[in-house]
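S.K.: Attaching a predicted model along with its sequence, questions to come.
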Amino acid sequence: MSLDHLAILTPGFADGEDDTTCIPVLQDFILGLRRRRPGLRISIFAQRYPGHRHPYLWHDMWVHPAGGGMARLPASLAGGLRTLAAMHRAAGRHGRIDVVHAFWLGECAALARLYGRLTGARQVVTLMGQEARHRDRYRRLLGRPGMVSVAVSPWQRARLRETGGPDADLVIPWGVAPWVAPATAAVRDVDLLSVGSLTAVKDPLAFVRVMAGVARHRPGLKARMIGDGPLLAEVRAAAAAAGISDQLDLPGALPRPLALDAMTRARILLHTADFESFCMAMVEARARGATVLSRPVGIAADLSDPGFVTATDETELITAACRILEEPPSAPSLPCPLERTLDDHLQLYDV
């Protein structure tokens with residue numbers, strides 16, 4: 001079928017072109033689609049963030065926020081109705097919506113399903129996070145006629161099967177945009193880098209413990225944790241208890257360009273999360289020439305790139321980090337180019 005109008009449903013979206021930290025992988029993906037298909041109409045519907053309800057232009061594409069905020073059922077139903085109404089208006093102004101693509105197997109997927117049933121639009125849902133880990137009411141959407149489900153890594157798809165499925169229809173990994181890939185020459189003066197929210201699933205306290213273990217072998221070790229979250233105070237306390245506070249820089253959350261610059265200066269991106277569906281920071285770090293050291297989760301579990309090193313526990317992470325720091329820095333690589341991601345999605349949309 002000919003794709004003329006694509007609707008993107010997402011819990012949150014950038015509140016303007018300067019908002020680089022709100023789901024950057026989705027921003028790169030949409031901009032890539034616009035570049036590849038200049039005539040394609042793309043309408044974006046944000047359910048929760050931004051918190052207002054005023055449509056706005058983002059790179060000449062309309063974003064329709066429902067302003068749902070943190071509302072829970074039944075109060076969140078109002079935001080869903082606003083999204084459905086906005087989709088109806090967008091179809092009236094810009095032509096029939098051919099495909100509705102929802103991100104996260106949650107309320108956006110349910111809205112995509114409902115809109116598709118009402119209008120005949122094809123439905124796609126991408127599992128973005130821990131949906132493969134937890135069974136909930138949205139699992140029943142998988143495998144329904146007209147609803148195509150996409151996992152973002154083979155590892156994530158395997159977790160979905162292990163927790164009782166239904167299976168995803170296909171795997172399409174996220175890709176690194178071309179502008180991310182070129183890494184300018186720089187002094188790699190940061191030994192260990194973390195980029196991510198300071199939350200339990202990311203396990204930032206494990207980063208501190210691994211850093212402390214490596215510092216015992218390399219007294220001049222320098223590390224940096226970019227991100228913010230509820231565990232910040234615990235991270236500070238753990239670093240102080242280990243006597244490494246002076247070696248650990250905690251700048252908080254940074255705009256995406258600054259986070260990418262930090263990757264260019266890092267020897268190792270140390271990622272200690274115990275679950276990842278994909279982890280864009282990993283492939284961005286490889287594009288910038290850092291070696292990725294992580295648990296075997298997300299895309300790290302599936303790639304054969306020698307710049308990806310996995311370890312199952314903290315002792316192995318310490319040993320691997322010490323070895324990597326003795327070796328020459330790795331060259332940048334691009335195991336997941338955005339162009340491949342765009343090809344796979346356009347093929348899916350055009351069926």
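M.R.: Great, that's in hand. Residues are numbered from 1 along each chain as shown.
S.K.: what packs against the strand or helix carrying M263?
M.R.: Element membership of M263, judged by DSSP states H and E, is helix 256-265. Helices and strands touching helix 256-265, by 3 or more C-beta pairs under 8 Å, 6 or more residues apart in numbering; DSSP states H and E, are strand 190-195, strand 223-226, helix 280-287. Yep, even glycine has a C-beta here, placed from its N, CA and C like the rest.
S.K.: just these: most buried one?
M.R.: Highest mean neighbour count of the helices and strands packed on helix 256-265: helix 280-287, a mean of 27 (counted as mean count of other C-beta atoms under 10 Å).
S.K.: Using CSV, write down the CA coordinates of it.
M.R.: Extracted C-alpha coordinates of helix 280-287, given in CSV (Å, rounded to 0.1, in the frame of the first residue of the first chain):
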residue,chain,number,x,y,z
MET,A,280,21.1,3.5,22.6
ALA,A,281,23.9,4.8,24.7
MET,A,282,25.9,1.7,23.9
VAL,A,283,25.8,2.1,20.1
GLU,A,284,26.4,5.8,20.4
ALA,A,285,29.4,5.2,22.5
ARG,A,286,30.8,2.7,20.0
ALA,A,287,30.2,5.3,17.2
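S.K.: got a list of contacts for it?
M.R.: 24-25, 174-176, 180-181, 183, 193, 195-196, 260, 263, 266, 269, 271, 276, 292, 294, 298-300, 305, 307-308, 332-336 (C-beta atoms under 8 Å, 6 or more residues apart in numbering).
S.K.: go on, stretch 204-218?
M.R.: With C-beta under 8 Å, 6+ apart, stretch 204-218 has contacts from 191-192, 194, 196, 198, 221, 223, 225, 227, 229, 231, 234-235, 238-239, 242-244, 247-248, 270, 272, 314-315, 317-318, 321-322, 325.
S.K.: And the contacts of stretch 51-65?
M.R.: Contacts for stretch 51-65 (C-beta under 8 Å, 6+ apart): 13-14, 16-17, 30-31, 34, 42-46, 49-50, 66-67, 69, 82-83, 86-87, 90.
S.K.: And the helices and strands packed on helix 256-265: which comes nearest Q130?
M.R.: Q130 sits nearest to helix 280-287 of all these, at 15.4 Å, using C-beta to C-beta.
S.K.: what's downstream of that closest one, the next helix or strand?
M.R.: strand 291-294.
S.K.: could you measure the closest residue to A71 other than its chain neighbours against G67, distance?
M.R.: Nearest non-adjacent residue to A71, counting by C-beta to C-beta, 6 or more residues apart in numbering: G79, 6.4 Å away. Going from G79 to G67 by C-beta to C-beta, to the nearest Å gives 7 Å.
S.K.: So which of those two has more stuff around it?
M.R.: G79 (21 against 17; other C-beta atoms under 10 Å).
S.K.: list the contacts for that one?
M.R.: Taking C-beta under 8 Å, 6+ apart, we find G79 in contact with 47-48, 66-68, 71.
S.K.: Dump the C-alpha coordinates for the host helix or strand of it into CSV.
M.R.: Using DSSP H and E, G79 sits within helix 77-94. Presented in CSV, the C-alpha positions along helix 77-94 are these (Å, rounded to 0.1, in the frame of the first residue of the first chain):
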residue,chain,number,x,y,z
LEU,A,77,-8.9,8.3,29.9
ALA,A,78,-9.5,12.0,29.2
GLY,A,79,-6.0,12.2,27.7
GLY,A,80,-6.7,9.2,25.5
LEU,A,81,-9.9,10.7,24.2
ARG,A,82,-8.1,14.0,23.5
THR,A,83,-5.5,12.0,21.5
LEU,A,84,-8.2,10.1,19.5
ALA,A,85,-9.9,13.5,18.7
ALA,A,86,-6.6,15.0,17.6
MET,A,87,-6.0,12.1,15.3
HIS,A,88,-9.4,12.5,13.8
ARG,A,89,-8.7,16.2,13.2
ALA,A,90,-5.3,15.5,11.7
ALA,A,91,-6.8,12.9,9.3
GLY,A,92,-9.4,15.5,8.2
ARG,A,93,-6.8,18.2,7.6
HIS,A,94,-4.0,16.1,6.1
